[in-house]
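Asker: Just to be clear, the model below is a prediction. Sequence and coordinates:
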Protein chains: 2
Amino acid sequence: MTDRPAEDLDYLSFVDYAIGKAKAELPDTDPVAMRLGLTLHRLAGALVYDWESTVHRPRGLSWGGFRVLFVLWLAGPLESRHAARLAGMSRAAVSALVKTLERDGLVTRTQVPEDRRAVRLALTDAGRTAVTDAYQAHNTRERAWAASLSPSEQTVLIGLLEKLTTSPAAAAAQRLS
Amino acid sequence: MTDRPAEDLDYLSFVDYAIGKAKAELPDTDPVAMRLGLTLHRLAGALVYDWESTVHRPRGLSWGGFRVLFVLWLAGPLESRHAARLAGMSRAAVSALVKTLERDGLVTRTQVPEDRRAVRLALTDAGRTAVTDAYQAHNTRERAWAASLSPSEQTVLIGLLEKLTTSPAAAAAQRLS
DNA sequence: TCACGATCGTCAAAGGTTTGACTATCTCGC
DNA sequence: GCGAGATAGTCAAACCTTTGACGATCGTGA
């Protein structure tokens, strides 16, 4: 019982190995849910790493900085809290990131007349240029990933992901502010 | 052209809105690949946030710390570099996390006789208890998420995710050391 | 045998993110 | 009006992670 074919696993074979081992150690484990969690997490990590290292870092943007520019680009000028909600991060994170983006001349911060607590964030021309350039490359990478699937597979996958995203479990996991 | 139904979007409606807007701004955009990237990233973020906030933080574990315990639990005692590869993080991250885990009595570090550069990481009894307890709760959350899908949908989803994970794009995105 | 390059773990530095506290401001009910 | 409670953005603290550098060690070919 002390045999161990482990040690020279790569991440993919680790998933199979881990599921078998977990089932042996904790018989209550749901192996399908486990595989789903592991695979989804792994894939998303690889995606973000790819985006960040090939697209955004070379352009001087952090992954968080890009996400702020992205929501400002597509959802127009936004108050800080809305940018945070759409980008999926805390208000404090937006505040910190915008400090850099403003210094770099990509974003402007102006007071909202109707609510003096609020700050309206908007792209500068340079910001618009930066985000469109970056997103063009970003979408090219997305297309390279998606190309492994047929169009109908892509549709099915998106549908299943959206089903999970709108599930009760997702609703229970209310993120952030 | 300055109309703006944005501002009170939630994350889900943002995806639809963003895809339409991006297509208008950058006609070369592939909307399906865009939706896939956005949805996958969003879902993975919600998953990790759920795991971390409901399972691991309450038990005094960081998400990274749990991942190290997890691979040690399932792949037996491991040299540090192997733990890093399987957990999908840098060697430096493992080194930092193990410092805490060792202080908390969950992991032991012993020199490898055959290679005096290497360090073998192993769970203590307390570490084994901690990780099995945490993973039991973790898997319960995974099951809650997966429960939104029928068994055949789960199988299809896993198959498509694995197809992406083993795609050429994934191979090009070689992660870490 | 030895020198060179590769590899191991660690450290320091830099940056990102979250939480919680704080001030300023708004809103709603009295 | 006005006061209590909610909300906006910011700051500080804490933590995690990556990169790059380093000393120590290994192993391979001359």
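Answerer: Received the coordinates, thanks.
Asker: Distance-wise, check the nearest residue to A:Lys21 once chain neighbours are set aside relative to A:Ala171.
Answerer: Once flanking residues are discounted, A:Lys21 sits nearest to B:Leu74: 4.6 Å by C-beta to C-beta, 6 or more residues apart in numbering or on different chains. (Glycine included, C-beta is placed from N, CA and C.) Distance, B:Leu74 to A:Ala171, using C-beta to C-beta, to the nearest Å: 31 Å.
Asker: Which of these two has more residues huddled nearby?
Answerer: The residue with more neighbours, out of B:Leu74 and A:Ala171, is B:Leu74; 23 against 10, by other C-beta atoms under 10 Å in any protein chain shown.
Asker: check which helix or strand covers the nearest residue to A:Leu123 once chain neighbours are set aside.
Answerer: Closest residue to A:Leu123 apart from its sequence neighbours, by C-beta to C-beta, 6+ apart: A:Leu72 at 5.1 Å. Assigning secondary structure by DSSP states H and E places A:Leu72 in helix A:63-74.
Asker: Go ahead and flag the most central residue of chain A.
Answerer: The structure's chain A has its C-alpha centroid closest to A:Val48; by C-alpha atoms, centre = their mean the separation is 6.4 Å.
Asker: and that one, what are its phi and psi?
Answerer: Taking degrees, to the nearest 10, you get phi -60, psi -40 for the backbone angles of A:Val48.
Asker: What distance do you get for it to DNA strand C?
Answerer: 10 Å (C-beta to the nearest atom of the strand, to the nearest Å).
Asker: Same question for A:Val55.
Answerer: For A:Val55, the distance to DNA strand C under the criterion C-beta to the nearest atom of the strand works out to 15 Å.
Asker: for that residue, helix, strand, or coil?
Answerer: helix (DSSP: H, G, I helix; E, B strand; the rest coil).
Asker: any idea how far it is from DNA strand D?
Answerer: Taking C-beta to the nearest atom of the strand, one finds A:Val55 at 14 Å from DNA strand D.
Asker: Could you do A:Ser152 as well?
Answerer: According to C-beta to the nearest atom of the strand, A:Ser152 and DNA strand D sit 34 Å apart.
Asker: With A:Gly64 instead?
Answerer: Distance from A:Gly64 to DNA strand D, counting by C-beta to the nearest atom of the strand: 12 Å.
Asker: Likewise for A:Pro58?
Answerer: According to C-beta to the nearest atom of the strand, A:Pro58 stands 12 Å off from DNA strand D.
Asker: now that residue: how far from DNA strand C?
Answerer: Using C-beta to the nearest atom of the strand, A:Pro58 is found at 14 Å from DNA strand C.
Asker: residues near that residue, how many?
Answerer: For A:Pro58, using other C-beta under 10 Å, the count is 11.
Asker: swap in A:Phe66?
Answerer: For A:Phe66, the number of neighbouring residues by other C-beta under 10 Å comes to 25.
Asker: same question, A:Arg103
Answerer: Using other C-beta under 10 Å, A:Arg103 has 9 other residues around it.
Asker: if I look at it, how far off is A:Ala96?
Answerer: A:Arg103 sits 12 Å away from A:Ala96, going by C-beta to C-beta.
Asker: do A:Arg81 as well
Answerer: As judged by C-beta to C-beta, A:Arg81 and A:Ala96 stand 14 Å apart.
Asker: And for A:Thr29?
Answerer: A:Thr29 sits 39 Å away from A:Ala96 when distances are taken as C-beta to C-beta.
Asker: Give me the more crowded residue out of these two.
Answerer: Using other C-beta under 10 Å as the criterion, A:Thr29 and A:Ala96 rank with A:Thr29 on top: 21 against 13.
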